[in-house]
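Trainee: no sequence for this one, just the structure:
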């Protein structure tokens, strides 16, 4: 009769206290994220369907959805392009004032959003430094949807730059030199060598800029003009419901915004995962 072999001992963990750390992390996230979001969802689900639909799907609220999500996606897309160009310039070139430009990228992080909104309004209003030249040309930035887009671009740009910049700094120049020696042109080098490496970071920056723009309130509220059906953002509709003590209506709008944001971020993360696997298989095949 053969003796039963005992399982091999588990190797000791490098970092002790895993159970305690995990418990603290889950409790911390639950208090700050999960419980508040669950409270919003439960408050919205606790009202009759008719009142929920009336609060969350009125024409004025639907217009705010289109403005908030549409401008957030547009601002994130614009920041992905120009944020990549800015990160490329800061990483690959030397020019006078480079350190100052690099520091100014972080300005939207430190600047209060209300101050940013007032500054943008003073700049793009009809009597502002730029607005006085733009409005005679038919370009009205302040107190309209275009002003919302400008504010969201301003607050979202650092997310793309600071996400892409470290990847560009770690990118080995030997890969580009090898591709150039094999006869590849500059566009081919960028498309087949640089962009696949940057794509996960670029998608992450896009997701962060979008998430930041969807919930932005302080900088947008001053430059938007808050015209019903034209330039009202969804956070403003939630604030309006709260000021009217309509907590159920505010919870209904917030739950719709939460669900839509979650689905969009899930789609972006799925695209990032698919892109990483696709380029990983392509790299393995090569």
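Mentor: Here it is on my side, so go on. All values reported here derive from a predicted model rather than from experimental measurement. Numbers count the residues shown, from 1 in each chain.
Trainee: For the stretch 1-150 of the chain, which segments count as strands?
Mentor: Using DSSP state E, counting those that start in this stretch, no strands are found in the stretch 1-150 of the chain.
Trainee: in the stretch 1-150 of the chain, which segments are predicted with low confidence?
Mentor: Across the stretch 1-150 of the chain, the ranges flagged by pLDDT under 70 are 1-17.
Trainee: switch the cut-off to 90
Mentor: 1-52, 54-57, 88, 91-98, 101-102, 106-114, 116, 125-129, 131-144 (pLDDT under 90).
Trainee: now the helices for it?
Mentor: 18-29, 35-45, 49-56, 59-92, 98-105, 107-110, 113-124, 131-134, 145-170 (DSSP state H, counting those that start in this stretch).
Trainee: Tell me which of those is the most buried.
Mentor: Of the helices of the stretch 1-150 of the chain, the one with the most neighbours on average (mean count of other CB atoms under 10 Å) is helix 145-170, at a mean of 22. All C-beta atoms are positioned from the backbone trio N, CA, C, and that covers glycine.
Trainee: Please tabulate the helices of the stretch 1-150 of the chain in JSON lines, including the columns distance to residue 185.
Mentor: Shown next, in JSON lines, are these (distance: least, CB to CB, whole Å):
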{"stretch": "helix 18-29", "distance to residue 185": "48"}
{"stretch": "helix 35-45", "distance to residue 185": "49"}
{"stretch": "helix 49-56", "distance to residue 185": "52"}
{"stretch": "helix 59-92", "distance to residue 185": "17"}
{"stretch": "helix 98-105", "distance to residue 185": "28"}
{"stretch": "helix 107-110", "distance to residue 185": "36"}
{"stretch": "helix 113-124", "distance to residue 185": "40"}
{"stretch": "helix 131-134", "distance to residue 185": "38"}
{"stretch": "helix 145-170", "distance to residue 185": "20"}
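Trainee: quick one: which of those is nearest residue 221?
Mentor: Nearest to residue 221, of all the helices of the stretch 1-150 of the chain, is helix 113-124, at 6.2 Å by CB to CB.
Trainee: now the closest one against helix 145-170, angle please.
Mentor: Orientation check (axes from the mean of the first three to the mean of the last three CA atoms, to 10 degrees): helix 113-124 against helix 145-170 gives 110 degrees.
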